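**Student:** predicted model, plus sequence, below.
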Amino acid sequence: MAAILISEVNRVIPVGRLIDLAWDADPPARARGVVHNHVHRLRQLLAGQAEIATRGGGYVLIADPWAVDVNRFRELVSGAREAEPWTAVAQLRQALGLWRGEALADVPGDRVRRTLGVGLTQARVAALQELGGKLLLLGRYGEMVTELTAHLAEHPLHEELTALLMRALQASGRQAEALGHYHRTRRHLKNQLGIDPGPALSETYLAVLDGKPAAVPHFAHRPLAAGPRPAVPYAAVPYAADRPPPSAGQLPPAVPLSAPRLPPAAPPPIAQLPPAIADFCGRAREIVALDETLDRVPGPGCVVLAGGGGAGKTTLAVHWAHRVRAEFPDGQLFADLRGFERPPMRPGTVLGRFLQALGVPDATIPDSETERSALYRSLLAGRRMLVVLDNAGTAEQVRPLLPATPGTLAVVTSRRRLSGLMIRDGAALVTVGPLSADDALELLGSALGRQRIAAEGAAARELVERCDRLPLALRIAAARLMAHVGWSLADWTEKLADERHRLCELSAADPDLSVEAGLSLSHRALSSGAARLFRLLGLVPGPDVEVHAAAALAGQDLPRTRRHLAELCEAHLLEEQAEGHFARTGLVRIYAGKLVASEEPPADRDLALRRLSDHAAGVRTGPG
């Protein structure tokens, strides 16, 4: 009863209206008497602070409107409509700061919350829209992202707020995150309401996807109502004509829209993710593809990030995992499977560590891998968790670690495509190749400074191409340049022009941090036949390889050659551009040339080149 009177301070509320709102079901026969008794007790509680008067078959709470947060909220929002943007931002933040959770959250009775609370919530959303629009106009994108992200984390179905957030992220150069918010909202709308995004959000998505400049969506300037008003018209009663309004000392304290509620004590969720890299950039296409895999949750899901060594698969996986942590409130598990090292991590060992993280005492962890996997999947049942399995070598190494029940997603990174996971386990595949030229320059600029990149634009563009636009190679090059402050980009580009020394230059003091070390791991994991073909391809100049030429070079029949070429494609050492035609990057070609010179006997190299020459001249030669 008090909440109803306070929400409409200085307005007459008919007794019938109070009865309708106070009881969710049919009111009792003596409902009017119950209302009268409640009002009588409220008058006693408010004696000397405010007055509840009887007016024309109803009651009115007479008090200073600014003593009630809901009225202060309405007035501040109303004033912000006519104010200059800077002033409007301050007023809107003051208004929104009055909120403490959901409207009328602590008031018993669904009908009261549904009738009065929904209108207040709509007014809050409208104020957030107005605030977002003003911040967008002022170019204060970071503040805007913070304001809207916090609200959307609790209310993910607000399409117009999502559209504003997407614009702010786009204006901040975070296009991939903007598109990710769209896909999450689309999924929530589909799963919870069975509908697709409306025109405002869809138009914003297309604009961001096309890279159109950020603009203030039309709804951000919509006139704001001062606040929701009851459906039944009331007689406005500012104050009784025969008495002055209560003085400030007589006013009751401001009534918050709802009181803060403390969350129940609970153990913190598992959080095993490594830190995300600070200067992550690019990968918009891959992030959109990853976001789309969330549509498969709550069903158990798996996505493989596959790419060559140094392509930034782990960086991408960790960046995206941090970005979507809120989607997996029960936590994140992480393991480096060391799939291309000797020895690789055994699935049973990883399961033991995961079971420990899930709270299983060491003494009760089963000995066998099969039993560990069964217990692990039982513990994941009913949870929403993200499992990141980095650097996987084979599908068999991954399969015991995959969840089997709805709610959990596994993200696997590998130098191989792990086709078995796609065929048997329904995994999705996201290929992680070289960066685009623009993203490669952005990565270089984030390390060396954008002004330096702009000043030596031609050298910078040449440098990223000689690094094959691989994130690892670019970071090594940037680190070398930062260590030699006297070098220009042109100096460094000239050093990389010599292919005999390029791989050596793209290495760091840490032996694992080099392009050659990464390629060596991929080569070592090949079958003997595919490894030999890879080395012999080092005798072929240029980036392109044709299947018949490869067969002649290796002295093999076409079926075996095709199998070996497919294995090289699976390992991301080649890429099939068209039927029977394969391409490789410059660094892969240089590495193959180094290997064939050091590991293939001179006689075998000469024989392979003769077979290739005969093939080019149109002479058919047999195997050997």
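**Tutor:** Received the coordinates, thanks.
**Student:** and stretch 462-475, end to end?
**Tutor:** Using CA to CA, to the nearest Å, the end-to-end distance of stretch 462-475 comes out at 15 Å.
**Student:** buried set for it?
**Tutor:** Neighbour counts over stretch 462-475 (16 or more other CB atoms under 10 Å) mark 462-464, 466-475 as buried. (Each C-beta comes from the backbone N, C-alpha and C, glycine too.)
**Student:** remind me which residues of the stretch 451-600 of the chain are low pLDDT?
**Tutor:** Counting by pLDDT under 70, the stretch 451-600 of the chain shows low-confidence ranges at 511.
**Student:** how does it look with 90?
**Tutor:** Applying pLDDT under 90 to the stretch 451-600 of the chain flags the ranges 451-452, 479-488, 491-492, 495, 498-501, 504-514, 517-518, 541-543, 577-579.
**Student:** one step back: which of the buried residues of stretch 462-475 lies closest to Leu92?
**Tutor:** Using CB to CB, Pro471 comes nearest to Leu92 of these, at 41.1 Å.
**Student:** the chain: strands as residue ranges?
**Tutor:** 13-14, 51-55, 58-62, 270-271, 301-306, 331-336, 386-392, 409-414, 428-431, 544-546, 575-578, 581-583 (DSSP state E).
**Student:** which helix runs longest in the chain?
**Tutor:** Criterion DSSP state H: the longest helix present in the chain is helix 118-138.
**Student:** pLDDT-wise, which helix or strand of the protein ranks last?
**Tutor:** None of the helices or strands of the chain scores lower by mean pLDDT, DSSP states H and E than helix 110-112, at a mean of 54.
**Student:** identify the bridge partners of Cys429.
**Tutor:** If you look again at residue 429, you'll see it is Leu, not Cys. Using DSSP bridges, the bridge partners assigned to Leu429 are Val304.
**Student:** distance check, it against Leu418.
**Tutor:** The spacing between Leu429 and Leu418, counted by CB to CB, to the nearest Å, is 8 Å.
**Student:** what do you get for Leu587?
**Tutor:** For Leu587 relative to Leu418 (CB to CB), the value is 23 Å.
**Student:** so which of these two has more stuff around it?
**Tutor:** The residue with more neighbours, out of Leu587 and Leu418, is Leu418; 27 against 24, by other CB atoms under 10 Å.
**Student:** please report phi then psi for the more buried one.
**Tutor:** The phi/psi pair for Leu418 (degrees, to the nearest 10) reads phi 50, psi 60.
**Student:** I'd guessed it sits against Val304; true?
**Tutor:** Yes: Leu418 is within contact range of Val304, at 5.2 Å (criterion: CB atoms under 8 Å).
**Student:** shared neighbours of the two, anything?
**Tutor:** Taking CB atoms under 8 Å, 6 or more residues apart in numbering as the criterion, Leu418 and Val304 both touch 412, 427.
**Student:** hang on, the earlier thing: which of the buried residues of stretch 462-475 fall in helices?
**Tutor:** Filtering the buried residues of stretch 462-475 for helices - DSSP H - leaves 462-464, 466, 471-475.
**Student:** which elements pack onto the longest helix of the chain?
**Tutor:** helix 69-82, helix 85-96, helix 141-154, helix 159-171 (3 or more CB pairs under 8 Å, 6 or more residues apart in numbering; DSSP states H and E).
**Student:** buried stuff in the shortest one?
**Tutor:** Right, the one you point to is helix 85-96. By neighbour count with 16+ other CB under 10 Å, helix 85-96 contains the buried residues 88-89, 91-93, 95-96.
**Student:** so where's the stretch 301-450 of the chain uncertain?
**Tutor:** Scanning the stretch 301-450 of the chain with the threshold set as pLDDT under 90 gives 301, 324-330, 341-343, 359-364, 378-384, 404-408, 426, 446-450.
**Student:** burial measure for the residue nearest to Arg93 when sequence neighbours are not counted, as a count.
**Tutor:** In space, and not counting its chain neighbours, Arg93 is closest to Leu131: 6.9 Å by CB to CB, 6 or more residues apart in numbering. Neighbour count of Leu131, defined by other CB under 10 Å: 25.
**Student:** now Ser528
**Tutor:** Using other CB under 10 Å, Ser528 has 8 other residues around it.
**Student:** ditto for Phe354
**Tutor:** Applying other CB under 10 Å, we find 23 residues neighbouring Phe354.
**Student:** so who does it touch?
**Tutor:** By CB under 8 Å, 6+ apart, the residues touching Phe354 are 333, 335, 376, 387, 401.
**Student:** contact partners for the residue nearest the centre of the chain?
**Tutor:** The residue lying closest to the centre of the chain (CA atoms, centre = their mean) is Arg323, at 3.5 Å. For Arg323, the contact set (CB under 8 Å, 6+ apart) comprises 177, 180, 287.
**Student:** look up how far Leu157 lies from it.
**Tutor:** Using CB to CB, we find Arg323 at a distance of 20 Å from Leu157.
**Student:** over to Arg584?
**Tutor:** Distance, Arg584 to Leu157, by CB to CB: 48 Å.
**Student:** so for these two, which sits in the more crowded spot?
**Tutor:** Comparing Arg584 with Leu157 by other CB under 10 Å, the one with more neighbours is Arg584, at 24 against 13.
**Student:** touching, the more buried one and Glu576? I think so.
**Tutor:** No: applying CB under 8 Å, one finds Arg584 not in contact with Glu576, separated by 10.8 Å.
**Student:** pull out the buried residues from stretch 362-371.
**Tutor:** Neighbour-count burial for stretch 362-371, with 16+ other CB under 10 Å as criterion, is recorded at 365-366, 369.
**Student:** can you check stretch 171-188 too?
**Tutor:** 171, 174-188.
**Student:** next: stretch 328-341.
**Tutor:** Using 16+ other CB under 10 Å as the test for burial, stretch 328-341 gives 328, 331-340.
**Student:** list the buried ones in the longest helix of the chain?
**Tutor:** Neighbour-count burial for helix 118-138 flags 119-121, 123-124, 126-136 (criterion: 16+ other CB under 10 Å).
**Student:** which pair of these spans the longest distance?
**Tutor:** Maximum distance among those (CB to CB): 26.0 Å, for Gly119 and Leu136.
**Student:** tell me, how many residues neighbour Leu568?
**Tutor:** Residues lying near Leu568 (other CB under 10 Å) number 26.
**Student:** and it, what does it touch?
**Tutor:** For Leu568, the contact set (CB under 8 Å, 6+ apart) comprises 526, 530, 533-534, 574, 582.
**Student:** same thing but at 6 Å, please
**Tutor:** For Leu568, the contacting residues are 530, 534, 574, by CB atoms under 6 Å, 6 or more residues apart in numbering.
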